Structures are given as structure tokens and as C-alpha cells.
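In: No sequence on hand, only this structure:
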């Protein structure tokens, strides 16, 4: 017995897709009614919609019933013949899937008669999230050596999906400013100094999901004039 599984390489939040599990009788005897069991281990982050015999050239109908997670055949599978199960799922609208990235589905085929080792196959589907993050900055364009100032960064995700792994490079890159304090949505970020990384995905803006960070700092007295601008 041989098993193959196919699924789309990419999908999106809220999208529906199918996983096709194909079994071929490579043995010396037909597989009898109820002797073939297919089990599909669906990944976290999807909702099961339904399953049915896949119809395609070169396939016979095994008449699968049951599930999830297991289905058995209502029709025999002759030597050399193949049949397939079409499992339909929908990707949940879960922002964490944008960060995890991959949906792994594992299928197992087992025979009760004739005795044979179980066969297994897996497929990978990547969740693609489309995010459009903009950042604006307000604050003094320059400071004198030894001077203090602050600037505010505003991050907006215009969507349509959550933005994961948002990282901000702040403060002058060719100077050594001393950070005096940070306010705003500090709890949503990890890091400090020049680099701040959002610990969770930034939701698409709905008028409320906009992050701000206000950073107060002082330039050392020996800061060269060419380093006193920040961007």
C-alpha cells in the first residue's frame, strides 16, 4: 500500500483549501470493504468543513465514510487501483498563524486485512499574510551636544492582515544617545535603546490599533555635529 498527500503550498487567513489523500493498493490481494482506514491529523488553526471521495482520472471511489479524524472504505480497492479522500478545511482568522507560518497536515493509511504496515504522508501549507505598515515620526530635527529632546514614533498597520515581527530602529545611528525614558505602547514591545520589536502581531488598523512610542534622550556633550540629526 502506498499513500500520497497533496495540499496547496500557500493560503491566506479565512481561506478554504483541500488536502487530497491518495491511496494505491500495491499489494497482492484486493483490499476488502472496511479494511482500509485513513486518518488525517489536521493542524491547529483550521476548521474542518467536510470530506468526500476525490473524483479524478485514474481514481476509483472507495466510498469513504466517518471522520474526522478517521474514515473507512465502503467499496473494495483492487490490486493496482487508487482512490482518494478530499478533506476540506478553512483557515481560522487567527493573527498568530501569520507568525507561525506553516500548517502541517499528516495522513495515515492502515489496513486491517490483509495485514500491512501503516503508511504515512505529510503536506505543508504556508499561511501568507498581507500587511502594510507605515511609520511616522515627530520631534526636533536636531539637538545640540548635551541637549535633551524626545520624538514620537507612530506605527500603523493598514492591513488587511496582522503584521508580525515588526521591528523599529530608532535614535541616531551614528551617535550614542542616552535614553532617559520611553512612554506610549511600551508594554507591546521588547528591547530598548535603538531597537524595539513588537512581541505580538500588530493588528490591522481599525481606528484603535495604532502604536506609539515616545522616546526621550540626551546627546552626550562630545557628539559630533554630523551625528546630531536622527531619522
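Out: All right, it came through fine. A quick note: this is a predicted structure, and the numbers were derived from the prediction, not measured.
In: Please make it C-alpha for all contacts and neighbour counts, starting now.
Out: Fine.
In: If we go by neighbour counts, what in the lowest-mean-pLDDT helix or strand in the chain is buried?
Out: Least confident helix or strand of the chain, by mean pLDDT, DSSP states H and E, is helix 96-100 with a mean of 82. Neighbour-count burial for helix 96-100, with 16 or more other C-alpha atoms under 10 Å as criterion, is recorded at 97-99.
In: got a pLDDT number for the residue most central in space within the chain?
Out: With distances taken as C-alpha atoms, centre = their mean, residue 101 lies nearest the centre of the chain, 2.6 Å away. What the model reports for residue 101 is a pLDDT of 80.
In: Check residue 185 too.
Out: The model reports residue 185 with a pLDDT of 91.
In: List the contacts of it.
Out: Shown in contact with residue 185 (C-alpha atoms under 8 Å, 6 or more residues apart in numbering): 211-213.
In: Out of the residues you listed, which comes closest to residue 37?
Out: residue 211 (50.9 Å; C-alpha to C-alpha).
In: for this protein, which spans come out with low pLDDT?
Out: Residues of the chain meeting the criterion pLDDT under 70: 114-115, 171-175, 206-208, 223-231.
In: longest single strand anywhere in it?
Out: Criterion DSSP state E: the longest strand present in the chain is strand 116-128.
In: Beyond that one, next helix or strand please.
Out: Using DSSP states H and E, the helix or strand that directly follows strand 116-128 along the chain is strand 133-138.
In: Which elements pack onto that next one?
Out: For strand 133-138, the elements it packs on are strand 148-157, judged by 3 or more C-alpha pairs under 8 Å, 6 or more residues apart in numbering; DSSP states H and E.
In: Can you give the contact residues for the first helix or strand past the strand it packs on going along the chain?
Out: If you walk from strand 148-157 toward the C-terminus, the next helix or strand you reach (DSSP H and E) is strand 167-169. The contact list for strand 167-169 (C-alpha under 8 Å, 6+ apart) reads 194-198.
In: Distance-wise, check the residue nearest to the centre of the chain relative to residue 74.
Out: With distances defined as C-alpha to C-alpha, to the nearest Å, the gap from residue 101 to residue 74 amounts to 37 Å.
In: Repeat that for residue 164.
Out: For residue 164, the distance to residue 74 equals 46 Å [C-alpha to C-alpha].
In: More neighbours: those two, which one.
Out: residue 164 (21 against 16; other C-alpha atoms under 10 Å).
In: what sits against that one?
Out: By C-alpha under 8 Å, 6+ apart, residue 164 lies in contact with 98-99, 198, 200-202.
In: I figured residue 82 hits residue 27, correct?
Out: No - counting by C-alpha atoms under 8 Å, residue 27 is not a contact partner of residue 82; they are 11.8 Å apart.
In: Show me which of these two is the more surrounded one.
Out: Neighbours were counted for residue 82 and for residue 27 using other C-alpha under 10 Å; residue 82 has more, 20 against 14.
In: count of residues packed around the residue nearest to the more buried one when sequence neighbours are not counted?
Out: Once flanking residues are discounted, residue 82 sits nearest to residue 24: 4.2 Å by C-alpha to C-alpha, 6 or more residues apart in numbering. Other residues within reach of residue 24, judged by other C-alpha under 10 Å, total 18.
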